[in-house]
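>>> From the sequence below, what's the structure:
(chains A and B, ligands or ions: 1)
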Amino acid sequence: MRTRPEEVLAAIREQKYTYRQKLQVLAGLAENLLDEPALGPEAAAALEARIICDMYEGHAPYRARYILPDYALALRKGSDFLELPPATDLDEALAHLLIMYSNVPSITGFPVYFGDLDSLLLPYVGPAIDDETLHRKLRLFWISLDRMFPDAFAHTNLSPVYNRVARTILQLERELLQVVPNISLKVHPTLTSDEYLLDAINTVFANGKPHFINDDLMQHDLGEHYAAVSCYNSLKVGGGSHTLSRLNLKQSVLAHHGDVDAWFASTLPHHVELTGELMASRIRFLVEESHFFDSSWLAREGLISLDRFSAMFGIFGLAEAVNLLMERSGRSGTYGHDEEADALSYRITSSIAQLVAELPLPYCAGNNGHAFLHSQSGIDLDLDVTAGTRIPIGSEPPLLRHLQTVSRHHRFFQSGVSDILHFDDMAVRNPEAIVDIIRGAFASQMRDFTFNLNSNDFIRITGYMVRKSDLAKLPAARHSSTFLGAGSVENSHVTDRALKRVVSHESSPVAGL
Amino acid sequence: MSHHQSLVSDFLPFTWVDGPGNRLVIFFQGCNFDCLACHNPQTIPLQSVAAHTWTVEDVLQRVRTSMPFIRGITVSGGEATLQWPFLVELFTRIKQDEEFAHLTTFIDSNGHVEPAVWEALLPVTDGVMLDLKAVDGTLHTELTGHSNALVLDSIRYLAAAGKLYETRLMLAPDRNDSDEQLRTTAQWLLGVDPLMRVKINHFHAHGTRSPASNWAEADEARRQRNRQVLLEAGVQYLC
Ligand code: SF4
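Residues are numbered from 1 along each chain as shown, chains lettered A, B, ... in the order given. Next up is the predicted model:
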């Protein structure tokens, strides 16, 4: 939809936005004065029917969606553009990082990746810096991250080996209880100690972070230099993702007239192709029209390179697709509760994985000319459809069954899959049990592991955190993401609908997922 | 091939409250106590139509399903040690079979167990969680229908063998949770092992029979008080 002048005036008049949020909205409205990148009639119709979805990224992409600069390189050699020499001590490293972050774009307007902060800073933390000094310096830095980049998609990673910086970061997380940064901990079966995991698990008890990611599996799929950014988006460092488009599997099945085999044979491949067309057209615009990679300082200075970029092919609504297809074959079993339904779900994800692996896309050298498959965790406009490959909230089977069902999907989704496990307070008395479950999950080839404790102040919307007490404070929340719900920062049409949605978080935060 | 079968009332693929880490727990049918406050009284009779007859292989099949996610198994009840020959066979199999050898074996017991039974079990058992309903003999008989002599012996025996993982106090308001009772209990336990790990299980009326179904449950203030008394009495590892 093209921008209407009333929308511009409404955004200007809106009192719930900070100045910066207003600027962001106005930029989106300006972008959407243009026509969307050209599509064939079938893809355009599928987009209109929301069988395929462009995540409301905007009509004229002028920066890649997710960008993962090689900050280690920038700290080592400095930056001409930012007139920074190489960092020589911790103070310089911290200052240079903040300066760089404020010059890193993304779909949200804020950086989605802060680097693997423990391993980035470790070279600057020698024995001369005692624990108290480290704590004090990192504390200010941590507060700066939250106040300067108030977006819960801004993400840091912790490396697999326990170290002083990681320990201090987890301690600060428990002390400060901030929304930013979001955190993923890379868990390696042997390098990551139980002590480290326990420290991290106790941090989840306090403020819902970090996520845990399967380092073995990630390295296998993405190489040594990878990170999880935004929420559950695993990509190559020094690269990123041009765009994320997604296929609504529920709508795909609803649009299909015929039996299950026919859906697999014709409708599904067709919809995968149309999603590919949407992605290709957006990628071409970004690279060829906006000249992002020709003009960005990040590319010029070698902190990102086009050949480490790819794009993300998202799917969601697997649960509904499975249940609808079961119904069509006269079966009553549902996803997560029935062997046959689960088998059908694996047939769907493995078929899509194969189709996407064969789908050629331009400027996707980061994955040999193809997209990375992604189990998309939803945006605030999704109604009556389940995020990604999740089992619908409220109908999850017992934990073991839940893990067994979802873990078999994870290997297909190189660029991330979100399943959220809800644990009761019993976990607090036995954090070792969570260590066992995380290790078991990763041994079973799960990729991403997130758990929520029902009692802390944070709730997870689609994969990022919002503070319950902040929701109560609306209007005038400082974090864009609190305000707008997932995807809304990306959705430049921030309308009343999005704001109402925040109200619905308040009344039923979990059901709103 | 397994020679023994056992009566199992239930099992859980995951438990977080029956020993260290995430575990599979098997509840055996039959108990030699008859506690007023038992919240699973259907597991007390030695026979039950609701129970299942399992072989060692039946248990191991369940263990396999849970295995990547657990660090061990716990046998509970009822009173699991009543089926000790079965447990010896099960635990020996777990310890000897490469597939299972990394798992730990724990027993949840009421402590009314002959030393000879412990002697048979301990070589293949990693730890025991033991319930102590009262140090006072008369009160113990009132609460469980039996003397606590064997229970106290078991605590001493297991602690000396280094196999007592924790002692569990089931506390019910005005039955066995007065400050004085708690102090006496703590003293006795710390006399056995100054670093004894003690866990409080507060009484819940749910599932119990009359008259316990009418007993009061501890409120938060009372729970805090119970903890405080035990801590002040010198218990260092209180869960
Ligand atoms: S020892 Fe346990 S199972 Fe046996 S009667 Fe007492 S509470 Fe019930």
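
>>> Contacts for the strand or helix carrying A:Arg347, please.
Secondary structure assigned from DSSP states H and E places A:Arg347 in helix A:339-358. Contact partners of helix A:339-358, identified using Cβ atoms under 8 Å, 6 or more residues apart in numbering or on different chains, comprise A:247, A:249, A:260, A:264, A:268-269, A:272, A:313, A:315, A:318, A:321-323, A:325-326, A:331, A:333-336, A:370-371, A:373, A:389, A:405, A:408-409, A:412. From N, CA and C alone the C-beta is placed, and that goes for glycine too.

>>> Return the set of buried residues in that helix.
In terms of neighbour count (16 or more other Cβ atoms under 10 Å in any protein chain shown), helix A:339-358 has its buried residues at A:Ala341, A:Asp342, A:Leu344, A:Ser345, A:Ile348, A:Thr349, A:Ser351, A:Ile352, A:Ala353, A:Leu355, A:Val356, A:Ala357.

>>> Residue 101: what's it in contact with?
Answering for chain A, as no chain was given. The neighbours of A:Tyr101, taking Cβ under 8 Å, 6+ apart as the test, are A:Pro111, A:Phe114, A:Leu145, A:Met148, A:Phe149.

>>> could you do chain B instead?
Residues touching B:Ala101, when contacts are defined by Cβ under 8 Å, 6+ apart, comprise B:Ile94, B:Lys95.

>>> how many other residues sit next to the residue nearest to A:Leu324 when sequence neighbours are not counted?
If the residues on either side of it in the chain are set aside, A:Leu324 comes closest to A:Val253, at 4.7 Å by Cβ to Cβ, 6 or more residues apart in numbering or on different chains. Using other Cβ atoms under 10 Å in any protein chain shown, A:Val253 is surrounded by 24 other residues.

>>> Could you verify my assumption that A:Val253 touches A:Leu318?
No. Under the contact definition of Cβ atoms under 8 Å, A:Val253 does not touch A:Leu318, with a separation of 10.3 Å.

>>> A:His135: how many residues sit nearby?
15.

>>> Tell me the pLDDT of it.
Per-residue pLDDT puts A:His135 at 98.

>>> mind listing what it touches?
A:His135 makes contacts with A:Thr168, A:Gln171, A:Leu172, as judged by Cβ under 8 Å, 6+ apart.

>>> residue contacts, the last one?
Contacts for A:Leu172 were tallied using Cβ under 8 Å, 6+ apart; they are A:His135, A:Leu138, A:Arg139, A:Trp142.

>>> Confirm that the second one sits in a strand.
What it means is A:Leu138. No. Secondary structure of A:Leu138 (DSSP: H, G, I helix; E, B strand; the rest coil): helix, not part of a strand.

>>> Hmm, A:Ile169 and it touching each other?
Yes. Between A:Leu138 and A:Ile169 there is a contact under Cβ under 8 Å: 6.8 Å.

>>> out of these two, which sits in the more crowded spot?
A count of neighbours by other Cβ under 10 Å puts A:Ile169 above the other of A:Leu138 and A:Ile169, at 24 against 20.

>>> Many thanks, we can stop here.
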